[in-house]
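> Next input, structure requested:
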Amino acid sequence: MINIQTVSLLDLLPPSIRSDPAMAAAAAALDTELQETTGLITALDIFGRSAEWTDAETDELAWQYNPPYYDSELPLNQKRVLVQNAIPFHRHKGTPGAVEELIAILFGEGAVEEWWQYGGDPYHFRVLTNNADVTTTRAQEFIEAVDAVKRLSAVLDSVTITQAEDLPLYFGVVLHIGDHITI
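Predicted coordinates:
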């Protein structure tokens, strides 16, 4: 198989004209231009090189793709993920899955409970997360992020923060089967 990155135009010429000195010289002259063009083609794959995006490039792409709840003050990695997922977000915006994905990107794990799962009012939901910052420093940011992807008719009832800790719990069991004989 021919590798487009390393192929020479001379290799692609048919044998009947490959031995012609004028054709060989023309192919060699075009080789450098073709190699440069091939190198530039890799830069066209915007999403394939997302790990190389600078802060300014990410902000510019965010303007173009308009991801939900994009803030230029976010860390670069979060901004990259938001821009990469902008099109899928727009495809399923208004679903509980979209809310959960955005929460996972910005705040860690999160889950959505619909009103029928916890006995709430119709069209209401609540969010469960494990990020303690939601109540303190980033509470308003969290609510704005959820509002950016939820259904317009849905109402956020509450945000429940869960915390899992390793707890050293020791227990013991003794089982005695037998008769007690006094002599």
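> okay, CA-based contacts and neighbour counts for the rest of this
Will do.
> Can you give me the buried ones in the longest helix belonging to the chain?
Assignment by DSSP state H gives helix 21-41 as the longest helix of the chain. For helix 21-41, burial by neighbour count (16 or more other C-alpha atoms under 10 Å) applies to 24, 27, 31, 34-35.
> helices or strands up against it?
Helix 21-41 sits against helix 9-12, with contacts defined as 3 or more C-alpha pairs under 8 Å, 6 or more residues apart in numbering; DSSP states H and E.
> next one: the next helix or strand after the helix it packs on to chain centre, how far?
Where DSSP states H and E defines the elements, the next helix or strand beyond helix 9-12 is helix 15-18. Its chain's C-alpha centre and that of helix 15-18 lie 51 Å apart, by C-alpha atoms, centre = their mean, to the nearest Å.
> Pick out the residue closest to the middle of the protein.
Residue closest to the mean C-alpha point of the chain, counted by C-alpha atoms, centre = their mean, is residue 81 at 4.2 Å.
> For that residue, which non-adjacent residue is spatially closest?
In this structure, residue 81 finds its nearest non-sequential neighbour in residue 105, 7.3 Å apart by C-alpha to C-alpha, 6 or more residues apart in numbering.
> now residue 4
Once flanking residues are discounted, residue 4 sits nearest to residue 38: 7.6 Å by C-alpha to C-alpha, 6+ apart.
> just residue 80 next, same as before
Residue 80 sits nearest to residue 58 (C-alpha to C-alpha, 6+ apart), 6.3 Å away.
> Run through who's touching the strand or helix carrying that neighbour.
Using DSSP H and E, residue 58 falls within helix 55-65. If you take C-alpha atoms under 8 Å, 6 or more residues apart in numbering as the criterion, helix 55-65 is touched by 70, 72, 76, 79-80, 83, 86-87.
> Which among those count as buried?
70, 76, 79-80, 83, 86.
> can you map out the strands along this protein?
Along the chain, the segments classed as strands by DSSP state E run 110-114, 124-129, 155-161.
> Tabulate the ones you listed (JSON lines), appending distance to residue 50.
Shown next, in JSON lines, are the strands of the chain (distance: least, C-alpha to C-alpha, whole Å):
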{"stretch": "strand 110-114", "distance to residue 50": "25"}
{"stretch": "strand 124-129", "distance to residue 50": "28"}
{"stretch": "strand 155-161", "distance to residue 50": "32"}
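> Specify the residue ranges that define each domain of the protein.
Per the record, the chain has its domains at 9-44, 50-161, by automatic domain parsing.
> which of those sits most buried?
Most buried of those, by mean neighbour count (mean count of other C-alpha atoms under 10 Å): domain 50-161, with a mean of 16.
> end to end, how far does that domain reach?
Using C-alpha to C-alpha, to the nearest Å, one end of domain 50-161 lies 32 Å from the other.
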